[in-house]
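Visitor: everything below, folded, please.
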Amino acid sequence: MFVLPQPIDMLKNIFGYASFRRGQEEIIDNILKGNDALAIMPTGAGKSLCYQIPAISSKGVSIIISPLISLMKDQVDALRQSGVQAASINSSMTWDEVVSIFRLVSSGRIKLLYIAPERLDNNGFIEFLHSLDIALIVVDEAHCVSQWGHDFRPSYLNIAPAIASLRQRPVVAAFTATATPEVREDIIRQLELRSPFSVVTGFDRENLFFQVEHPADKTTYLLDYLKKFPDVSGIVYCSTRKEVESVRDKICRSGIGAVRYHAGLDSEERLQSQEAFIYDKVGIIVATNAFGMGIDKSNVRYVIHYNMPATMDAYYQEAGRAGRDGLPADCILLFGEKDIMTARYFISQSEDSGTKKSAYLKLRGMVDYCHTTGCLRSWILNYFGEEDAPESCSSCGSCTSQTDLVDITTEAKKIISSVYRMAEHTGGRKFGSAILTDVLRGSQKAQIRSLGFDKISTWGLMKGYKAEAIRGMINFLTAEGFLQTEDVEFPVLSFTERTTQFLKSETKLMMRKQEERAEKPLSVSKRKQTWAANEELFDLLRSLRKELAAAEGVPPYVVFSDRTLSAMCETMPMDRDNFLEVPGVGSVKLEKYGEAFIKAVKEWKSSPR
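Guide: A predicted model of the protein is given here:
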């Protein structure tokens, strides 16, 4: 009797890994037992293996619903490189190509078929699904089904009806990297998952270094940073098409190569930019949020947000495209007050009052993240519902900062007192930070005089302070919960429970100097430690990888990830058995690439230096 190999054997022989990561084995076992599943796993945690192994093990075909053509192509290329028969159907294919895939699937020669959710609008395709023996349906980027999420796609609402129409319901598994508890519940409801085995492996990406900068000149900061990493891949996100054009031009004028990507470009240029980046022909892509979902490029060493995103969900999703291979990577946000105005403008364009209210609330959380002097990693994890998040880490700008903490207890009480006096003087009206700053600085503006604020006791109480210093303290008090904003189009300040506790307490309130935040991202030193004396060998292996990938027409990271190359630098495999022990090397890749890489390692090791 034929016995299917065990998941752990498949993990090693096909994908080249000796052990499962957290959560993977439990998800695989439940899917193989016939249970629906919902997995929230951070980018780079190995979500794809959780459904690829059950799909390969199953008797029928598995349908993978994925949002973008680029992601489907990456996944299919990677599977074929490992000897797994997979295919995708997308809108760029001719009818003859689609028919050819249909035949391969019907004959059982394809184990995993990747499709976009829009494909389920096609009645002919639904009829084709009815003719198949479907073992598993996978919904990738499952947060797109929820209107509470940041990437809602109406086409995802077609998934549940399509599954319900099948003559026999297969196992359904949903995967995403970021989802709040509210979004998780909505995923289960919208996809009609049946008592799913649910696992949240945590949202922490330990290899990522988080930093928020408040630079006086964003362009200068950006160009200085890019010059530190001339030979690695990175993404620069901007909030508008105009900003993408401007930033990309400035980068190119400085002598650094970069491509652009936004929805205003024609599809051909977007494709050219994406492929140039993915195939390591150019190191930097400057883009709006139109770029990135589903991009499986594992060797992105930094993601820089030139502008603040409107939500933490979007920020973490985009920042998480760095370091998918598990090696150190930077996630840097360049904050400016104008970013808030841009985000508020986009929110104000919505006609749905409920949507606007939710969006303003999420924006407030993003602004608070930019102003906290506490642990950035802890802030992110708490946002996504991890109650046991550590209070500090060793890999964020706040925790590694060498800047001084200053006592702002007196200033904080003056600010809070003025909020109270302004409301008292106007019969309970509330005001925003701009007018509060003017009152504290003793402004003679007509608005201040017409409201009578030049007569209250707190007028001019901080006249010796610069406006930006007062605004920084107000933002800090809001970020730390000593004040709160009511999230409307023009936010106003009010008190919290913590306000009263602070006023009654004698505890000092300390704030880190914003203008002197850590200047040197942690991964600058970490990266050098990763390869150390073997960085020359790493560059040699990277060149070989690129050459082999070009010959096969696949992205270099599909051949081997940076992490696998780094492991080769550490272990220096001298024969086939040694090479097979390198993480990421399976039996098929051993046969395809083993000889070339072993030869390169041997020649480097024996060459005089």
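
Visitor: is it true that Ser433 touches Gly472?
Guide: No: the criterion here is CB atoms under 8 Å, and Ser433 misses it with Gly472 at 10.3 Å. C-beta: built from backbone N, CA, C; applies to glycine.

Visitor: tell me the domain ranges of the protein?
Guide: 7-200, 208-383, 405-512, 523-606 (automatic domain parsing).

Visitor: which stretches of the stretch 201-350 of the chain have low pLDDT?
Guide: For the stretch 201-350 of the chain, the stretches with pLDDT under 70 are 293-294.

Visitor: redo that, cut-off 80
Guide: 202, 292-296, 350 (pLDDT under 80).

Visitor: which residues of it fall in strands?
Guide: For the stretch 201-350 of the chain, the strands defined by DSSP state E, counting those that start in this stretch cover 208-213, 233-237, 259-261, 284-287, 300-305, 329-334.

Visitor: adjacent strands (with direction) for the fourth one?
Guide: By that I understand strand 284-287. strand 233-237 (parallel), strand 259-261 (parallel) (DSSP bridges).

Visitor: how far away from the center of its chain is the shortest one?
Guide: Spelled out, it's strand 259-261. Averaging C-alpha positions (CA atoms, centre = their mean, to the nearest Å) puts strand 259-261 19 Å from its chain's average.

Visitor: then stretch 455-465?
Guide: 43 Å.

Visitor: reformat the strands paired with strand 284-287 as TSV; add distance to Ser88 and mean neighbour count.
Guide: Putting the strands paired with strand 284-287 into TSV (distance: least, CB to CB, whole Å; neighbours: other CB atoms under 10 Å) gives the following:
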stretch	distance to Ser88	mean neighbour count
strand 233-237	24	25
strand 259-261	21	24
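
Visitor: distance to Phe203 added to those strands, as a markdown table?
Guide: Formatted as a markdown table, the strands paired with strand 284-287 follow (distance: least, CB to CB, whole Å):
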| stretch | distance to Phe203 |
| --- | --- |
| strand 233-237 | 20 |
| strand 259-261 | 26 |
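
Visitor: of all the domains of the chain, which lies closest to Glu391?
Guide: domain 208-383 (5.8 Å; CB to CB).

Visitor: and that closest one, how far from the chain's centre?
Guide: So, by CA atoms, centre = their mean, the centroid of domain 208-383 is 10 Å from its chain's centroid.

Visitor: first vs last residue of it, how far apart are they?
Guide: 17 Å (CA to CA, to the nearest Å).

Visitor: put together CSV for the domains of the chain, with distance to Ser392 on each row.
Guide: Shown next, in CSV, are the domains of the chain (distance: least, CB to CB, whole Å):
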stretch, distance to Ser392
domain 7-200, 20
domain 208-383, 5
domain 405-512, 13
domain 523-606, 18
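
Visitor: so which of these comes closest to Ser394?
Guide: Comparing the domains of the chain under CB to CB, the one sitting nearest is domain 208-383, at 9.5 Å.

Visitor: circling back: wait, which of the domains of the chain is closest to Cys393?
Guide: Cys393 lies closest to domain 208-383 among the domains of the chain, at 4.5 Å (CB to CB).
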